[in-house]
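Student: Below are the sequence and a predicted model; questions follow.
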Amino acid sequence: MSVYSPDQISELEQASYAVQGKYENLLLAYYSKKYRTANGYEHALHGFGRRLRVMTRCIENTFRVLPPSQTAKPDDNQRLDATINIQSFVQNAYGCCENLAWIWVHERDIKMPSGDPVSHGAVGFRKTNRVVWRSLPTDFREYLQTLDKWFENLKGFRDGLAHRVPLYIPPSLVDPANTGKYKELERQTRIAEFTQNHEKLRRVEEELAQIEFFRPVMTHSVTEESPLIRFHDQLLTDFNTVEEIATKFHKIL
């Protein structure tokens, strides 16, 4: 049974089709602008523009490989291909925001209080990026503050991916009520594999199939008790948020 209703599946698919047009509109806006500095130009076209293109393709690939309508357990290749695209998307969504902040730094010649160039770790659109933050227009800062939770979640995804446990799509899930039975069947599977008892292995796998089910979710670490996130929704939400930030930012340039 799908986690999405037929109407939700239709809405997700339509939203995924709209991504290409949004990408092209943003690209035109940033490509047609005249930049004061070579670094600002590079971060706009070769930073933000490239990343946005990758994000667009990642959504297209993920929806093709594992469509929101799929309820059958995917094979390992399907999951791996979707995972690769999701991981790439997250890294580039995070990078898009930093590219936009770098455009501001170069185009407005933002410096540290000492007069030194702004360091890499100090560039961003969050309050913790104090020097850049204070240089932004008040209304844009107020808008960014409404996205605090979104920035926090995106950073969490990106940091886990880069430094701890990467995002992945679980091959299957089990109702908590069946956890004990699942662990026992898993134990029997290992024994059957070790003893090469193929008949026993077949029967155990059939029992496992009765209690396992697939959901289009992604997560980080099991030990960190990371939440299960529906990746179709999340990819579209993140893309649309980056688009909104970039559209508002383009106006203040």
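Tutor: Received the coordinates, thanks.

Student: was I right about Phe125 contacting Asn99?
Tutor: No. At 10.7 Å, Phe125 does not count as touching Asn99 under the criterion of CB atoms under 8 Å. To be clear about C-beta, it is placed using only N, CA and C from the backbone, and glycine gets the same treatment.

Student: Who has more neighbours out of those two?
Tutor: Here Phe125 and Asn99 are set side by side on neighbour count (other CB atoms under 10 Å), and the busier one is Asn99, at 24 against 21.

Student: which sections of this structure are below the confidence cut-off?
Tutor: Using pLDDT under 70 as the threshold, the predicted model of the chain has low-confidence ranges 1, 159-165, 172-182, 184-185, 201, 204-213, 221-226.

Student: again, only using 80
Tutor: Confidence mapping of the chain against pLDDT under 80 gives the ranges 1-3, 155-168, 170-215, 219-228.

Student: For it, which segments are assigned as helices?
Tutor: Listed from the start of the chain, the chain has helices (DSSP state H) covering 6-31, 38-42, 50-65, 76-107, 130-135, 138-145, 148-163, 179-195, 198-211, 231-252.

Student: Reformat the ones you listed into a markdown table and put distance to Thr219 next to each item.
Tutor: Compiled in a markdown table, the helices of the chain are given as follows (distance: least, CB to CB, whole Å):
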| stretch | distance to Thr219 |
| --- | --- |
| helix 6-31 | 19 |
| helix 38-42 | 35 |
| helix 50-65 | 16 |
| helix 76-107 | 11 |
| helix 130-135 | 31 |
| helix 138-145 | 27 |
| helix 148-163 | 10 |
| helix 179-195 | 16 |
| helix 198-211 | 19 |
| helix 231-252 | 10 |
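
Student: Domain parsing of this structure, as residue ranges.
Tutor: Per automatic domain parsing, the structural domains of the chain span 6-172+219-252, 174-213.

Student: Return the most buried member of these.
Tutor: Among the domains of the chain, the stretch with the highest mean neighbour count (mean count of other CB atoms under 10 Å) is domain 6-172+219-252, at a mean of 16.

Student: Can you give the distance from it to the centre of its chain?
Tutor: 7 Å (CA atoms, centre = their mean, to the nearest Å).

Student: Look at it and report the distance between its end residues.
Tutor: Criterion CA to CA, to the nearest Å; first-to-last residue distance in domain 6-172+219-252 is 40 Å.

Student: show me what contacts Arg158?
Tutor: For Arg158, the contacting residues are 90-91, 94, taking CB atoms under 8 Å, 6 or more residues apart in numbering as the criterion.

Student: could I get those as TSV with distance to Ala18?
Tutor: Compiled in TSV, those are given as follows (distance: CB to CB, whole Å):
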residue	distance to Ala18
Val90	20
Gln91	23
Tyr94	22
